[in-house]
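Visitor: predicted model, plus sequence, below.
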There are 2 protein chains.
Amino acid sequence: MAQQKTESKPKADAQALPPKANFSEWFTQICSPSGAGLADVRYGIGGLMVHLPPTMRITRKLYEYFETEVENRGHEPVLFPTMIKEANLVVEKEHAGFTPEVFWVESAGSKPLEERLALRPTGETQIYPMFSLWLNSYNQLPFRIYQSRHTVFRNEMSTRPFLRGREFLFFETHNCYEDHESVMAEIAADMATMNRVIWGKLSIPHLFLQRPQWDKFKGAENTYVADCIMPDGKRNQISSTHDLGQRFSKAYDIKVLNANKENEFVHQSCFGPGIWRIMAALIGIHGDDQGLILPFELAPVQLVVVPIFKTANKEKVLGHAQILADRLKQAGYRVTLDERDKSPGFKYNDWEMRGVPVRIEFGERDLEAQSVMLKVRNQKEKATLSQAELLDRLPQLVAQHDQTLRDNAQAYFADKVNSAETLEDAIRLLDEKGGFVKVPFHGIGFESEAHAKTLQEKTGGAYVCGVKFGEVETESLAGRTCIITGAAAGALVYIARSH
Amino acid sequence: MAQQKTESKPKADAQALPPKANFSEWFTQICSPSGAGLADVRYGIGGLMVHLPPTMRITRKLYEYFETEVENRGHEPVLFPTMIKEANLVVEKEHAGFTPEVFWVESAGSKPLEERLALRPTGETQIYPMFSLWLNSYNQLPFRIYQSRHTVFRNEMSTRPFLRGREFLFFETHNCYEDHESVMAEIAADMATMNRVIWGKLSIPHLFLQRPQWDKFKGAENTYVADCIMPDGKRNQISSTHDLGQRFSKAYDIKVLNANKENEFVHQSCFGPGIWRIMAALIGIHGDDQGLILPFELAPVQLVVVPIFKTANKEKVLGHAQILADRLKQAGYRVTLDERDKSPGFKYNDWEMRGVPVRIEFGERDLEAQSVMLKVRNQKEKATLSQAELLDRLPQLVAQHDQTLRDNAQAYFADKVNSAETLEDAIRLLDEKGGFVKVPFHGIGFESEAHAKTLQEKTGGAYVCGVKFGEVETESLAGRTCIITGAAAGALVYIARSH
């Protein structure tokens, strides 16, 4: 009910949602205060936006999922400052080259700073100097920390909620090990985490890929990602794990005494599920022409009770609706009773837009019949239920909602992952279906970079996203040829246009 | 167990804790990595520090307490950007005068920004321009939001963990109402929240005061605070609620149509419990010469199992200790099994330093006797318990721990709140006992400011902290005289030296 308050203003100028087929406009509108009220881009500075209540409630759960996962694996929470010394950033410059993008703090009050400070883009340059102070023995390994941080800075002027901006929601683990095998084991664990959270909890279908050498994080030996596909057919990278090898440990002098009392540089990895990007996937993949559709567990409001009344019977209907809402709250659901003086139709549309999984309509007739009318967000039919059986039936209806959401997402993704043996077919599939096209290709080492560039030119922007990781491709490459060079293919790669 | 990993390095150079009587050094050492591992100030930039795992776990709970409280009262979570436009800040300048303190972002990459941006100190200047977009009808009132943010910026060069720094942990509500009565009701609710959390959950004794006019937040009509007393006798302000009246709504043009369709500026308040300052109070008030003492619910590790073994029986003892630890975990406790190759004595000191409420010692003899040796952090005696009765007895031992913590805090505070009728007595009490001295004083309006300055000079720095709020002073002022002017007293004020 508190919900309504923040949300009532935006609805005053509610606009119809464009059809989802018109994805870009649909996405802009659904995110806005006059849509599902997720973000307000009218903050007045390019690249910055206000995160509104439903976003805060959804992302709080996303953070919880990831925090629980990584804590179960031994990661400890820390928090580093927002600002870093220029000197630290320059050490990394050779590895990651962030300096062209960062914001610089150059004065405080009316005085210039002695050394300018950068608003740090990701954690490496500020965390690893501390690692070199903290670590001294192999007994401390594996050493695993994480940060849940609300913002990180890049110099991007455009604001596209949850896809592009200067500040976004961030999560990162940073880890040190004795050897490279442990790095690879951690990457497998990150993949399992993504699978449990992203598919298990959020029903977002995705691929776990190893990026080609030319498209990895510059400071890394290798980059492993989870990529999903947005309804405009473009790839959305929702996580990355970097195998940092010993590159940063050598740059920042992070070494430990091993069992033989010899100094050794540690091996490192870092993992970052993209909280913003996952929000974009949730909105884009599950939503429909009416608005958001959210997994029940994640929905800020799970059940809405819409009382149907006239002036004459308002008090009586509202009184009983309140009793009903209280019963549902006591059963542990997040419930809103919509008491606003708006038409039932307005309210139905409003809550469908916001992705409330179950709507309960309740009027004078229901009061007499001891029943309710019930509508599940992604089911076509309404159902009349007796109030007595409501609580018993709800879990089944909820399961039906979540299963439909999952089935739809799976069917959607199946349609977005295709295969081609020729450049011509690949282009046709990219244009007709979008998404991934699996093709035989030269390879993913640096020697194949030029061919990837050719591919990008010939397809109007398709990237080589990488090869499947953690799951062996059963198809043989024998006799198959690279769609660019025509020579024997070195890898089966997934190509896609990108956000 | 994961716990140990991050914490093992610091302990390698563990230093003895100075006696708490030497408060300043005790506090510095207990916060450091070689103490209880709460903060690392070796980050390399004055005023910035790294928040270490125990701090993150404790403050996560503090945030939860406050978030639950304010959400129950109808506040919705939002998140605003870290940077604000200079133009917005200047509007506030007349009210709050923050500009002399803020950090300025003046370039991005290699290019200067067209308009420099400030790292915002508190939320008013960035939130209220959006309020003017969001609000248009009295139906939307009361309108209540909050932010849990990890950092906020001031230009303070010194780093005193949890007391002074450039970035700290922040929580703020911002609220709009139709009238001033609603502001005062909200302030009463904030006071009740502080009481439930700060006394109810954390056992930190405090006073809720109305600040004198000359010491209020400059943009406010009135400022109401919770003040506690640190062991060095100085006041520590742990929350503030500002009655903003219509000052900001007029500056930022936040108005609504009232029931008569007339435009009216809203009335506003904001509330900020200081997460850092509360951490400082928890550490300082409850801790002892051995280290931290924490309320059981808040302790990152609630129970530690210390196995006592020699090489010959290590495997057997550890195996049984693991079973014991698992049983306690299954019962819902946060448990660490300390398997390190360190002496039991080292481990006892280590976990006492970290404030683990219950230690369970377990060796070969216990294995045979099916018993454990048990030590509650703030009780003098150890007890032998049979393993069978351990789970049944724990709640009682925990209650005893928390009750002792609370009794000690209450006795401590009773000693720190005193009364005096003369300046001479007040100075003696400030010097001997520290803390608050309640004195008859001229008043708390601007006309008394000069007398407060005199008081400060004569007492070597005691502030007029204000008058009690929400609880009527039963003492009569009749015949009592201001300790500075000697004229009839206008108020009973609490004075104290300050952090």
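Guide: Cool, the structure landed.

Visitor: now the helices for the stretch 1-150 of chain A?
Guide: A:2-12, A:23-31, A:53-72, A:86-93, A:124-134 (DSSP state H, counting those that start in this stretch).

Visitor: contact partners for the closest residue to A:Ser107 other than its chain neighbours?
Guide: Counting by Cβ to Cβ, 6 or more residues apart in numbering or on different chains, A:Ser107 lies nearest to B:Trp104, which is 4.7 Å off, once chain neighbours are set aside. All C-beta atoms are positioned from the backbone trio N, CA, C, and that covers glycine. Counting by Cβ atoms under 8 Å, 6 or more residues apart in numbering or on different chains, B:Trp104 makes contact with A:Val105, A:Glu106, A:Ser107, A:Ala108, B:Arg116, B:Leu117, B:Ala118, B:Leu119.

Visitor: can you check A:Ile308 too?
Guide: With Cβ under 8 Å, 6+ apart, A:Ile308 has these contacts: A:Val317, A:Pro344, A:Glu361, A:Phe362, A:Gly363, A:Glu364.

Visitor: got the phi and psi for it?
Guide: Note on A:Ile308: its backbone torsions stand at phi -110, psi 110 [degrees, to the nearest 10].

Visitor: beta-bridge partners for the residue nearest to A:Ser107, please?
Guide: A:Ser107, B:Ala118 (DSSP bridges).

Visitor: any idea how far B:Met83 is from it?
Guide: Counting by Cβ to Cβ, to the nearest Å, the gap from B:Trp104 to B:Met83 is 10 Å.

Visitor: and for A:Tyr348?
Guide: According to Cβ to Cβ, A:Tyr348 and B:Met83 sit 39 Å apart.

Visitor: in stretch A:299-312, what counts as buried?
Guide: For stretch A:299-312, burial by neighbour count (16 or more other Cβ atoms under 10 Å in any protein chain shown) applies to A:Ala299, A:Pro300, A:Val301, A:Gln302, A:Leu303, A:Val304, A:Val305, A:Val306, A:Pro307, A:Ile308, A:Phe309.

Visitor: stretch A:316-333 too?
Guide: A:Val317, A:His320, A:Ala321, A:Leu324, A:Ala325, A:Leu328, A:Tyr333.

Visitor: give me the pLDDT for the closest residue to the fourth one other than its chain neighbours.
Guide: Meaning A:Leu324. If the residues on either side of it in the chain are set aside, A:Leu324 comes closest to A:Val305, at 5.8 Å by Cβ to Cβ, 6+ apart. If you check A:Val305, the pLDDT there is 98.

Visitor: tell me the secondary structure for A:Val305?
Guide: Using DSSP: H, G, I helix; E, B strand; the rest coil, the structure places A:Val305 in strand.

Visitor: what's across from it in the sheet?
Guide: Here A:Val305, judged by DSSP bridges, has bridge partners A:Leu337, A:Ile360.

Visitor: against the centre of chain A, work out the most remote residue.
Guide: A:Ala312 (47.6 Å; Cα atoms, centre = their mean).

Visitor: assumed A:His174 was part of a helix.
Guide: No: looking at A:His174 with three-state DSSP, it is strand, so not inside a helix.

Visitor: look up how far A:Asp243 lies from it.
Guide: In terms of Cβ to Cβ, A:His174 sits 13 Å off from A:Asp243.

Visitor: one more: A:Glu432?
Guide: Taking Cβ to Cβ, one finds A:Glu432 at 36 Å from A:Asp243.

Visitor: which of A:His174 and A:Asp243 has more neighbours?
Guide: A:His174 (27 against 22; other Cβ atoms under 10 Å in any protein chain shown).

Visitor: just checking, the more buried one touches A:Thr125?
Guide: No: the criterion here is Cβ atoms under 8 Å, and A:His174 misses it with A:Thr125 at 11.2 Å.

Visitor: which one (most neighbours) among the contacts of A:Ile308?
Guide: Sorting the contacts of A:Ile308 by how many neighbours each has (other Cβ under 10 Å) puts A:Phe362 first, at 24 neighbours.

Visitor: tell me the phi and psi of that one?
Guide: The phi/psi pair for A:Phe362 (degrees, to the nearest 10) is phi -150, psi 110.

Visitor: tell me the bridge partners for the residue lying closest to A:Val493 once chain neighbours are set aside.
Guide: Distances taken as Cβ to Cβ, 6+ apart place A:Phe441 nearest to A:Val493, at 4.3 Å, with adjacent residues excluded. Residues in a beta bridge with A:Phe441, per DSSP bridges, are A:Ala491.

Visitor: A:Phe441 touches A:His451, doesn't it?
Guide: Yes: contact criterion Cβ under 8 Å: A:Phe441 and A:His451 qualify, at 7.2 Å.

Visitor: the more surrounded of those two?
Guide: A:Phe441 (28 against 18).

Visitor: what's the neighbour count on A:Phe66?
Guide: Per other Cβ under 10 Å, the neighbour tally for A:Phe66 reads 24.

Visitor: ok, which stretches of the stretch 301-450 of chain A are helices?
Guide: Taking DSSP H, counting those that start in this stretch as the test, the helices found in the stretch 301-450 of chain A are A:314-330, A:344-353, A:364-369, A:387-416, A:423-432, A:449-459.

Visitor: and the second one with chain B, contact?
Guide: Which is helix A:344-353. No: Helix A:344-353 stays clear of chain B (Cβ under 8 Å from any Cβ of the partner chain), getting no nearer than 14.4 Å.

Visitor: export that helix as CSV, just CAs?
Guide: Extracted C-alpha coordinates of helix A:344-353, given in CSV (Å, rounded to 0.1, in the frame of the first residue of the first chain):
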residue,chain,number,x,y,z
PRO,A,344,-11.0,-1.2,-11.7
GLY,A,345,-9.9,-1.2,-15.4
PHE,A,346,-7.3,1.4,-14.7
LYS,A,347,-6.0,-0.6,-11.7
TYR,A,348,-5.9,-3.9,-13.7
ASN,A,349,-3.8,-2.2,-16.4
ASP,A,350,-1.6,-0.6,-13.8
TRP,A,351,-0.7,-3.8,-11.9
GLU,A,352,-0.3,-5.8,-15.1
MET,A,353,2.2,-3.1,-16.2
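
Visitor: give me the angle between it and helix A:23-31.
Guide: Angle, helix A:344-353 to helix A:23-31, by axes from the mean of the first three to the mean of the last three Cα atoms, to 10 degrees: 110 degrees.

Visitor: elements contacting helix A:344-353?
Guide: strand A:303-308, strand A:358-363 (3 or more Cβ pairs under 8 Å, 6 or more residues apart in numbering or on different chains; DSSP states H and E).

Visitor: show me what counts as buried in it.
Guide: Buried residues in helix A:344-353, counted by 16+ other Cβ under 10 Å: A:Lys347, A:Tyr348, A:Asn349, A:Asp350, A:Trp351, A:Glu352, A:Met353.
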